[in-house]
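[1] Predicted model and sequence below, questions to follow.
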Amino acid sequence: MLKIYNITKDFYYDVHLWGYGKLALIISIAGCNLDCDTCKDKEIISGNTFTDLNVNNLNLYEPYKYVVISGGEPLLQEKQLIELVLTLQKRKKFITIVTNGSLYIPDIIHNEFVSWIINYRLPSTNYTDWMITDWYHKLNANDFVKFELLTDTDFEFAMNIVQAIKEVNTTFFNFAFTVGNDSQILYDNFKNNILNEFTDVIYI
Ligand code: SF4
């Protein structure tokens, strides 16, 4: 059984390969290995608040075509996550999985039916040291490395990371950015630098 924090069918307005604002089954996984200063839902971290999801009951939520699995951190329950994803794939669903960038993705669920969002932790979260990037050569056009910019320090850090990632990876994948604090200065900084420098950037 997969321990989940919440399951809902709703329009999904975040970075999403299959289309911004698509109606999706959204599954939030209970438990996280990090404790970001910026976490909006601290209750999800401990994993103590959960219900069990039986993959055989997924048809209760039909009809849905798109599934978003986020957290918490989905990869903490790797075996159950693989079971869920393979079940969804058999049912021809399009899947997005959001991970916090501190764990490796199993090859078996890294394929053309799954879009991975690597939510790269920036200085405002206090978890930059936990990020692992040595497997990014496996990322493909379905996948995103996403940066949530909250401060100028986040912005400068993200710029350096993007440059470093581009220098060592020849495979194509997507970069995505969100500016999370409605700061016009931060947004202008972002726009004038990143958008001028990279063509393969998604901004939400
Ligand atoms: S990775 Fe996400 S869920 Fe985990 S503590 Fe950070 S913000 Fe919260």
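    Good, I have the coordinates. Residues are numbered from 1 along each chain as shown.
[2] residues near the nearest residue to I7 once chain neighbours are set aside, how many?
    Residue nearest to I7 in three dimensions, not counting chain neighbours: I27, with 5.1 Å by C-beta to C-beta, 6 or more residues apart in numbering. (Glycine included, C-beta is placed from N, CA and C.) Using other C-beta atoms under 10 Å, I27 has 26 neighbouring residues.
[3] Show me which residues of whatever helix or strand I27 lives in are buried.
    Using DSSP states H and E, the element containing I27 is strand 22-29. Within strand 22-29, the residues that qualify as buried are K22, A24, L25, I26, I27, S28, I29, counting by 16 or more other C-beta atoms under 10 Å.
[4] For the residue nearest to the fourth one when sequence neighbours are not counted, give me the backbone phi and psi.
    Read it as I26. What sits nearest to I26 in space, not counting adjacent residues and going by C-beta to C-beta, 6+ apart, is V68, at 4.7 Å. Per-residue torsions, V68: phi -110, psi 130 (degrees, to the nearest 10).
[5] any idea how far V68 lies from the ligand?
    Applying C-beta to the nearest ligand atom, to the nearest Å, the value for V68 to the ligand is 14 Å.
[6] And for G101, the neighbour number?
    Considering only other C-beta under 10 Å, G101 is surrounded by 20 other residues.
[7] Sorry, wrong one. I was asking about D154.
    Neighbours of D154 (other C-beta under 10 Å): 25.
[8] any idea which element it lies in?
    Per DSSP H and E: helix 152-168 holds D154.
[9] now that helix, how far from the centre of its chain.
    Relative to its parent chain, helix 152-168 has a centroid offset of 18 Å by C-alpha atoms, centre = their mean, to the nearest Å.
[10] can you check stretch 148-166 too?
    Mean C-alpha position of stretch 148-166 versus that of the full chain (C-alpha atoms, centre = their mean) differs by 17 Å.
[11] is any part of it close to the ligand?
    No - counting by C-beta under 6 Å from any ligand atom, the ligand has no neighbours in stretch 148-166; the shortest distance is 8.9 Å.
[12] Same check on stretch 177-193?
    No - using C-beta under 6 Å from any ligand atom, we find that stretch 177-193 stays clear of the ligand, coming within 11.3 Å at best.
[13] Geometric centre of this structure: which residue is closest?
    Geometric centre of the chain, nearest residue: V98, 2.5 Å, by C-alpha atoms, centre = their mean.
[14] Check whether it really touches S115, as I assumed.
    No - V98 is beyond contact range of S115, at 9.7 Å (criterion: C-beta atoms under 8 Å).
[15] that older thread, per-residue confidence at the residue nearest to I7?
    On pLDDT, I27 comes in at 97.
[16] Going by contacts, tell me the helices and strands next to the helix or strand containing W116.
    Taking DSSP H and E as the criterion, W116 maps to strand 114-120. When contacts are defined as 3 or more C-beta pairs under 8 Å, 6 or more residues apart in numbering; DSSP states H and E, strand 114-120 packs onto strand 94-99, strand 144-149.
[17] Fine by me, thanks again.
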